[in-house]
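[1] Below are the sequence and a predicted model; questions follow.
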Amino acid sequence: MSEMNPEKPTRLTCVCPDDARVIDALLEHGPVRLAGGLGDRGDRVVRGDGKESTDASGAGLANHASHANQTDHANHAAQDGELDELRELGELDGEQVCELDAARTQCVRACIQLLDHDAVEGPAPTLVAATMARLEQLRQREQFAEQVNALAGDGEVLVGRALNWRQITAIAAMVMIAVSVMWPVLTRARVDAQRMASANNLAMAGHGFGLYAADHNDVMPKRDVAPGADWWRIGTQPNQTGQVRSNSAHLFVLIRQKYVDPVALSCPSNPDANRGLDVDGCDWPDPQSVSFSYQNQFGPMTLRLSRQPQLAVLANRNPMFQIRVMSPDAGPAGTTDQTKPGVRMALSASSSSQPRFIFQRNLKPVTGSLAYQGRGQNVLLADGQVMWTKEPILPNGDNIWLARGIDDYAGNEVPQQPDDAFLVP
């Protein structure tokens, strides 16, 4: 019990007037059933359930005692502080209230003791279980809110926590969606970058063509050829008279005579470009390493750059022609495609493999270069201009893949007019 503090008396709240009359009667006559209409109300006051009381039962008794003493200053002035202390102590100590009237003190104590006999019902049997269930529900809500915030990216790092399968599934789904959205974009960006790099290489090659033409009476690079010879045997050595057997050998003159760097005649989309290249040789080692198709130089005409400024002289690989070789390991029925990445075989005189020329009749004549999945090709004109075309048709209507007036090809056809572009391997 706390000690009394006479310097700071407690300020008490008065009860309602009806309860005050009952308390006065109790203090005067003791806890007996009262007549005159105060009996029922007296029972309620003793039990502490007065309707208009503002404090608990014991506090109500003490409050009214203080109020009654304050209204009777002539007879009970000394009892005000003691009754305030009675509210705080819950009982009266005989030594502390020795100045009070003994009979009045005993009566107040008897009233307070009545509170000890008030029956209080115990908690319901399910109260503990219901309370714990409510706490568990609140805990689950809290944990769920933390998980949602973490997945929403609020900056919280899940350190030391194991992800459940729902979180893993959500993350995997987001990754798959991101990949499906970004993959076409990244692929297109990569193709566009390769196309721009190829155009830059063609521009450098055009500069090399101009330097060569300036030194050789305005003609294009060309070596000696045999009339009616095949122009598709890439990688073969010239014959005994020095005549070449591939159209790419004419283009290789720019590399051998140092007019261009080998990089200028390579396409970034070709993984085998210039692989195994001998800059002092006479040709690329195989069809796979050739990135561009060059204007056919096996005809009898001498082509001059200044006379045909809009003639296509170089472009990405012509898709209408393929060169394959019969693999000696595969037998007569087996073939090896030399136009696919990863398959390489030099076509030399000592090779036992037999090359085959294939004209792709199933392709439309307007098919774009396979270097860009048929979407188009970069084209170098005789005046040094580089242009991108979705179809192999020049503004003058010339198809750069095929010779005019020829429908079928065996690999030795040549253009018949000087303005007819016919780009071949």
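    Great, that's in hand. Predicted model, so just to flag it, every value in this text is computed and none were measured.

[2] Test my guess that Ser246 contacts Arg233.
    Yes - counting by CB atoms under 8 Å, Ser246 sits close enough to Arg233 to count as a contact (5.1 Å). Using the backbone N, CA and C atoms, a C-beta is placed for each residue, glycine as well.

[3] Compare the two (neighbour count), which wins?
    Higher neighbour count among Ser246 and Arg233: Ser246, with 30 against 22, using other CB atoms under 10 Å.

[4] In the chain, what residue spans correspond to strands?
    292-295, 312-316, 321-326, 336-337, 354-359, 377-381, 386-389, 423-424 (DSSP state E).

[5] Enumerate the positions of stretch 188-204 that are buried.
    Val191, Gln194, Arg195, Ala197, Ser198, Asn201, Leu202, Met204 (16 or more other CB atoms under 10 Å).

[6] among the strands of the chain, which is the most enclosed?
    strand 292-295 (a mean of 28; mean count of other CB atoms under 10 Å).

[7] For the closest residue to Arg375 other than its chain neighbours, which residues are in contact?
    In space, and not counting its chain neighbours, Arg375 is closest to Gly368: 5.4 Å by CB to CB, 6 or more residues apart in numbering. Counting by CB atoms under 8 Å, 6 or more residues apart in numbering, Gly368 makes contact with Pro319, Gly374, Arg375, Gly376, Gln377, Lys390, Glu391, Pro392.

[8] Which parts of the stretch 151-300 of the chain are helices?
    Under the criterion DSSP state H, counting those that start in this stretch, the stretch 151-300 of the chain carries helices at the ranges 165-215, 248-251, 253-256.

[9] and the first one, what does it pack onto?
    Yep, that's helix 165-215 we're talking about. Judged by 3 or more CB pairs under 8 Å, 6 or more residues apart in numbering; DSSP states H and E, helix 165-215 is in contact with helix 127-151, helix 253-256, strand 312-316, strand 377-381, strand 386-389.

[10] what's the first one packed up against?
    Taking 3+ CB pairs under 8 Å, 6+ apart as the contact definition, the neighbouring helices and strands of helix 127-151 are helix 165-215.

[11] With the third one instead?
    In this structure, strand 312-316 packs against helix 165-215, strand 292-295, strand 377-381, strand 423-424, with contacts taken as 3+ CB pairs under 8 Å, 6+ apart.

[12] Let me have those in JSON lines, extended by distance to Ile255.
    Compiled in JSON lines, those are given as follows (distance: least, CB to CB, whole Å):
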{"stretch": "helix 165-215", "distance to Ile255": "9"}
{"stretch": "strand 292-295", "distance to Ile255": "12"}
{"stretch": "strand 377-381", "distance to Ile255": "16"}
{"stretch": "strand 423-424", "distance to Ile255": "18"}
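
[13] Quickly note the distance from the nearest residue to Leu311 once chain neighbours are set aside to Glu121.
    Distances taken as CB to CB, 6+ apart put Ala382 closest to Leu311, at 4.6 Å, once the chain neighbours are dropped. Using CB to CB, to the nearest Å, Ala382 is found at 109 Å from Glu121.

[14] Please say which of those two ends up with more neighbours.
    Ala382 (24 against 5).

[15] Which pLDDT value belongs to that one?
    Ala382 carries a pLDDT value of 92.

[16] Hmm, it is touching Val219, no?
    No - counting by CB under 8 Å, Ala382 stays clear of Val219, with 11.3 Å between them.

[17] Overlap of the contact sets of the two?
    Contacts common to Ala382 and Val219, judged by CB under 8 Å, 6+ apart, are Leu305.

[18] closest one to Pro227 among the helices of the stretch 151-300 of the chain?
    helix 248-251 (15.3 Å; CB to CB).

[19] How about residues contacting that closest one?
    220-223, 234, 238, 244, 265, 282-284, 290, 292, 294, 297, 314, 425.

[20] quick one: average pLDDT of stretch 224-232?
    88.

[21] mind listing what's buried in it?
    For stretch 224-232, by 16+ other CB under 10 Å, it's Val225, Asp230, Trp231, Trp232.

[22] Name the nearest of those residues relative to Arg256.
    Val225 (16.6 Å).

[23] thinking that closest one is in contact with Ser246, fair?
    No - in this structure, Val225 is not within contact of Ser246 by CB under 8 Å, at 9.8 Å.

[24] of the buried residues of stretch 188-204, closest to Ala421?
    Once CB to CB is applied, the member of these that ends up nearest Ala421 is Leu202, at 14.6 Å.

[25] list the contacts for that closest one?
    Counting by CB under 8 Å, 6+ apart, Leu202 has contacts Ala264, Phe292, Leu314, Asn378, Val379, Leu380, Val386.

[26] change it to 6 Å
    Listed by CB atoms under 6 Å, 6 or more residues apart in numbering, the contact set of Leu202 reads Asn378, Leu380, Val386.

[27] how far away is it from Ser266?
    11 Å.

[28] And for Leu314?
    12 Å.

[29] now do Thr241
    30 Å.

[30] do the same with Asp218
    Distance from Asp218 to Ser266, by CB to CB: 26 Å.

[31] One more: Gln137?
    Taken as CB to CB, the span from Gln137 to Ser266 is 69 Å.

[32] before we move on, back to that, using a markdown table, lay out the helices and strands packed on helix 165-215 together with distance to Ala403.
    Output for those, formatted as a markdown table (distance: least, CB to CB, whole Å):
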| stretch | distance to Ala403 |
| --- | --- |
| helix 127-151 | 64 |
| helix 253-256 | 23 |
| strand 312-316 | 13 |
| strand 377-381 | 17 |
| strand 386-389 | 18 |
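
[33] Which one of the ones you listed has the poorest average confidence?
    helix 127-151 (a mean of 81).

[34] List the buried residues for it?
    So, applying 16+ other CB under 10 Å, buried residues of helix 127-151: Gln147, Ala150.
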